[in-house]
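Student: Predicted structure and sequence below. I'll ask about it afterward.
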Amino acid sequence: MRRLEAFTLATFLELHPTQVTVMIHQAHYDIPVSQDERAFLQLLQEEPLVLLPVSRDRRHLLLDRLANDPIVSEELNDFEGAADSSVSSEGA
């Protein structure tokens, strides 16, 4: 879990052609994005709240590191499983 301390969580605000605007501690930052990152962020745009991993210097998204971290993958799978079970129990 300590590896996650290298991340700063940012709230996704707006996607532009070459950058994403995020909010970290009440301040806005424009961070450049690659074409792959932009394509991924386009999918997330419709979500009401998305937290993104950002480098401590607030210059880079850390989506690649996040996607390749086995601990994070396991936690995301656990989270998705918990979300699915709460939705199915509410619908019953």
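Tutor: Structure received.
Student: do you know how far the residue nearest to Arg58 when sequence neighbours are not counted is from Leu51?
Tutor: Spatial nearest neighbour of Arg58, chain neighbours left out: Tyr29 (4.8 Å); criterion: Cβ to Cβ, 6 or more residues apart in numbering. All C-beta spots, glycine's among them, are computed from the backbone N, C-alpha and C. Between Tyr29 and Leu51 the distance is 14 Å, computed by Cβ to Cβ, to the nearest Å.
Student: Please apply the same query to Glu37.
Tutor: Relative to Leu51, and taking Cβ to Cβ, Glu37 is found at 15 Å.
Student: Just want to know which of those two has more residues nearby.
Tutor: Legend: neighbour count by other Cβ atoms under 10 Å for Glu37 and Leu51, higher for Glu37 (19 against 12).
Student: was I right about the more buried one contacting His60?
Tutor: No: Glu37 lies out of contact with His60 (Cβ atoms under 8 Å); the separation is 9.6 Å.
Student: picking that back up, ok, the residue nearest to Arg58 - how many residues close by?
Tutor: 16.
Student: That one bridge partners, please.
Tutor: Val22 (DSSP bridges).
Student: In contact with it, which residues?
Tutor: 10, 21-23, 54, 58 (Cβ atoms under 8 Å, 6 or more residues apart in numbering).
Student: so how many other residues sit close to Val54?
Tutor: By other Cβ under 10 Å, neighbour count at Val54 equals 21.
Student: wait, doesn't it sit right on Thr8?
Tutor: Yes: using Cβ under 8 Å, Val54 is in contact with Thr8, at 4.8 Å.
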